[in-house]
Each structure stands twice: as C-alpha cells, then as structure tokens.
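> Provided below for reference: sequence and predicted model.
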Amino acid sequence: MFMQNVSKATERKAPQTNKVEKEIATTEIVEEEAAKEIMYSADLNNGDLPRDVLMTFLVQCSEAMSIDTNILQIVVKSRRLNKPLHVLGVEFQREHMAKRHGIEANFGCKLLGSIPVDYPDDNELIESAQNFVFSSIKFFLDAVDLRGKSFKGKFKTYGMMPLDTVHEFFEACNATMILPETKKALKEIFDETQKPPNQAVIEYQHSILQKLGYTIDFGVQCLNNLSRDYGPTDRSLPMRFQQFSLSAQLAVQESMMSDEEKKTFYENIPPLMKYTPHAYVLMERQKKMQEQYAQQQQQSSSQAQDIAKILSSSEGREKFQKLKTKMDKIRNEVLIDVKTWDIDRKKEFIGNFNDLDIIDTMTADSNIAARMYKMIDMSEKDLHSLMTFETLAKEDAETDGSLGLKAMYSQNGATDGSEDKGGVMNKLSGLLQTFGGGGGGGGPAPGMGHGHQHHGHQQHGSNCDSCCPPQKTVADVSSGISNKMER
C-alpha cells in the first residue's frame, strides 16, 4: 500500500511550462477556515491524543499534500510572500493539523515524533507516519519542480543567491537523494559501470540549481561564496552543508551496497528517519564527538589533579624545576643543532630513534604523573633524543611532511582503545609543553595540545564507520562551499 502511494506521487505530472507562470500569477492565495476548534493540546483532553485522530491526520494530510491545487498554493505563497518552500510545506501541515483535526500544532508535532516509542508494535500507524514523512518530502519537491517551470529558461546570472534559496537548494538536494527513482538510477549506473555514480549525483544538484532559477555556472559560483556572503550571519549553514554533503555521499554509498549491507545499514535507523538517513548519521556522529569531548575533559581534569599533587610538595616542586631547567637547555641545543641537518640526516635520526624504547617506556603507564616521574629520572641522552624527535615531528607537521611524521604528529590516536604513535605523540607533546613549550614553540603545535579538532565538510568520508558500513569508499560528491561542484 505504501509503495503504491509512493508510485502515484512520483508519477504525478505538473502543468506545461508555458502555462505555469500564468497559473502562478493569476491564482489567489486561499486561506482555509478552521473546520474545528482546538480539542487536543497539552492542556486539553488530559494531554491525550487518541490513536484514531492521529491516524486520520496522517492519512488525510498525506493525501492533501498530493493534490495539485495545494502544491500550487504553496508555490503562489512562496512567490507572493517571499517565503521558502520547505517552510511553507511545514506551515501547510501545521494548519491542516489545527484547522482540520483540532490538534494544537506544537502538541501534535511532538506526538508525531514519538509514535515509534508510544506505539512500538503498531505497524499500521508507524507505516502511516513513514508515508507522511515521504509525502512531506515529495510535497516540497513537487513545489520546487512546479515553480521551476515558471522560469522558462530565464535563469539568474548575477547578484547574490538569497539565503532562503540557499536553504531550499540544500533541502531539495537532500530530498532528491532519497527518492526511489533516484536510488534506482544510481544503482543502475553502479551495476553497469562498477564505479561510484558521483557524476550523476552532481548532475542532480545541477538540475536543482536550474529549478531554483540559476544557471549552473552562476549557481556554483554563488555556493562557493557562501562563507563570504553569509558565514558571519547564518550559523546554521555549516550544519546544513554537512547534511547536504553527507546525503550525497550516503546516496552513492547505498548504490554500491548489496541487499544485505543495505538491510544492516537501515535496521539501525529509527523508523521516522528512514527517509533522512543523513540526519541520523550526523546526529550519531555528533553524539560520539560529545562523548569523546566529555571523556577528554574528564581526563584533562584528572591529569591536572595529578600534576597539582606533584607540585604540592617541596620535593616535587624542586624536581619539577630541575627538569624544566634541564629541558630548556636541551631545547635550545636541539633547535640550533637541527637547523644544520639536511633531510638525510633527519631521516637517519628518525630511523635510529624508532629502534629505541623511549616512547614505549614513556607510555607504558597512562598516568601523567607517572610519566612525569619517568622524565625526571630519564638520562640526559634519552631526553635529548626525545626532544629532537618531537622537534622534527613538529617541523614535519608544519611543512610538506617529507619526513613521514606528519600524520603521526597530527592524528588523535587509535580508535580501538590502544595508543598508536599518533596518540603517543599527542600525549608526549602535552607533557613536554608542561615543562615549557614543546617543540621549541610558544604554544601547542598543529594537531597537538587540543582535545578536539575543527571539522571541515570533508572530515568524514562516506566510508566513515561510525554509522555507515565501512567497506565502501566513495569520493566526495558534494558541491558548493570550498570546492568546485565540477570536481
């Protein structure tokens, strides 16, 4: 039944191009009269919304969003009221909920989101809610298509892209990626070529720019200028772009999945997020980042307490000061010495250093206080070697990486709970800085001394294993900010 509804919605045709502009221009906005008073809210009916009322809304609103005159109405409102279509789509649903079914909108929307929790075994109601979500997406895309036909090839080639249009572009791209016909087309391309259908996704994005009234080249130019034009004023854009980029990557990745892989991927996604998997994946990643940040904060606090305990005694302070004086002397010697080395001498040192057990000795104990005591007891020769290696690693991170230490120095460490060399260097850097600025600098070096990393839109590829099956590697297919769409 659900797929039949999807099929009917997909096959619906909009009027011919030469009629659309006239139809939009001559159609009056119709404000629907309330057919019912508000009967259901957090304060009415004991805060209860009967299942049959909820079901009736889901079915009737889904049907209403498939009616051509309703699609035309939000297009007319968009043109006359200068509002984005995705916002008008939500307003349509909220008005339908209140005026046709007597449900206070905020109250009703909250209950809609909790259907899988409140009715976990009610497959009929959950399927109707899923159908409603898909119908909402289709309602928006049908309006984009209809309004797009009114431009008659008269595309914009100058000026700035309005912020509302930017959001419409991201929303339309995300919505297009979940359409059954889009998934089918991408799957066929992969099956035929055995290559990721990246170019096809980019072409979908290009077509949406045209539906929004822009030439492809000018639309791409506008997207590439988003940070300059709206970065300081719209804080939601980075999140919008992450969702947009991720939805494209997931669409390509899904086209390369087997049926079993697809089943495994979707069984972890909540029922009402089935048509917005990018939002779920991003939500899970943010949750994981927050957990890691909280853990790092806790570790930092614990380490600070350990250091404070050492410095609380006169003996500890004396040892700390002696080590700091020794390290300052060695640091100056290392900086002068390393400047005279050529690339071969540096590589020779790194090769010899890797054969030593200094790092293993330093990281055998995860407690920072224990590590500090090991440094206090370390021979001057080993301390010199350790600081030379750390200085070369910092230099490599800030240049071309020709020494092969760049990744080691900048990464956070292994994800399996162990410490790879990257994680070790991060910890040692923080420890060295405790004694007066690691690597000869006055502050933390790139990738070190911070408990977090700043994320660009390519931070996670579609082979990220936080939520997506990691076996498929997909090139970045996002368009707009920071990179050209044509890549």
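Noted; the coordinates are in hand.
> List the buried residues for stretch 202-214?
Of all the residues in stretch 202-214, those buried under the rule 16 or more other CB atoms under 10 Å are 202, 204-206, 208-209, 211-214. For every residue, glycine as well, the C-beta is placed using N, CA and C.
> Repeat that for stretch 300-308.
303, 306-307.
> next one: stretch 37-55
The neighbour-count check on stretch 37-55 (16+ other CB under 10 Å) flags 38, 40-41, 44, 49, 53-55 as buried.
> any residues touching it, and which ones?
Contacting residues not belonging to stretch 37-55 are listed as 98, 101-104, 107-108, 111-112, 115, 119, 122, 124-125, 128 [CB atoms under 8 Å, 6 or more residues apart in numbering].
> Work out for me the element the closest residue to Met65 other than its chain neighbours sits within.
With CB to CB, 6 or more residues apart in numbering as the measure, Phe139 is the residue that lies nearest to Met65, at 3.8 Å, once sequence neighbours are left out. Under DSSP states H and E, the secondary-structure element containing Phe139 is helix 123-149.
> What is that helix packed up against?
For helix 123-149, the packing partners by 3 or more CB pairs under 8 Å, 6 or more residues apart in numbering; DSSP states H and E come out as helix 2-11, helix 17-26, helix 51-64, helix 68-81, helix 85-95, helix 115-118, helix 163-177, helix 198-211.
> buried residues in the next helix or strand after the last one?
Downstream of helix 198-211, the next assigned helix or strand under DSSP H and E is helix 216-224. Of the residues in helix 216-224, those buried under the neighbour-count criterion (16+ other CB under 10 Å) are 216, 218-224.
> pLDDT and distance to Phe132 for those residues - can I get that in JSON lines?
What follows is the buried residues of helix 216-224, written out as JSON lines (pLDDT from 0 to 100; distance: CB to CB, whole Å):
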{"residue": "Ile216", "pLDDT": "95", "distance to Phe132": "34"}
{"residue": "Phe218", "pLDDT": "95", "distance to Phe132": "36"}
{"residue": "Gly219", "pLDDT": "95", "distance to Phe132": "31"}
{"residue": "Val220", "pLDDT": "95", "distance to Phe132": "34"}
{"residue": "Gln221", "pLDDT": "94", "distance to Phe132": "37"}
{"residue": "Cys222", "pLDDT": "94", "distance to Phe132": "33"}
{"residue": "Leu223", "pLDDT": "94", "distance to Phe132": "31"}
{"residue": "Asn224", "pLDDT": "92", "distance to Phe132": "36"}
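> Which pLDDT value belongs to Phe2?
In the predicted model, Phe2 carries a pLDDT score of 34.
> that older thread, pull out the buried positions in the helix holding Phe139.
Along helix 123-149, the positions that meet the burial threshold by neighbour count (16+ other CB under 10 Å) are 125-126, 128-149.
> if we can go back for a sec, settle this for me: the residue nearest to Met65 is touching Phe92, isn't it.
Yes: the pair Phe139 and Phe92 passes the contact test of CB atoms under 8 Å, sitting 7.5 Å apart.
> Tell me how far the helix holding Phe139 lies from the chain's centre.
Chain-centre distance of helix 123-149: 23 Å, with CA atoms, centre = their mean, to the nearest Å.
> out of the buried residues of stretch 300-308, which one sits closest to Lys324?
For the buried residues of stretch 300-308, the minimum distance to Lys324 (CB to CB) is 12.6 Å, reached by Ile307.
> for the buried residues of stretch 202-214, which one is nearest Ile343?
Ile202 (40.6 Å).
> Can you tell me how far that closest one is from Gly213?
To Gly213, Ile202 is 19 Å away according to CB to CB, to the nearest Å.
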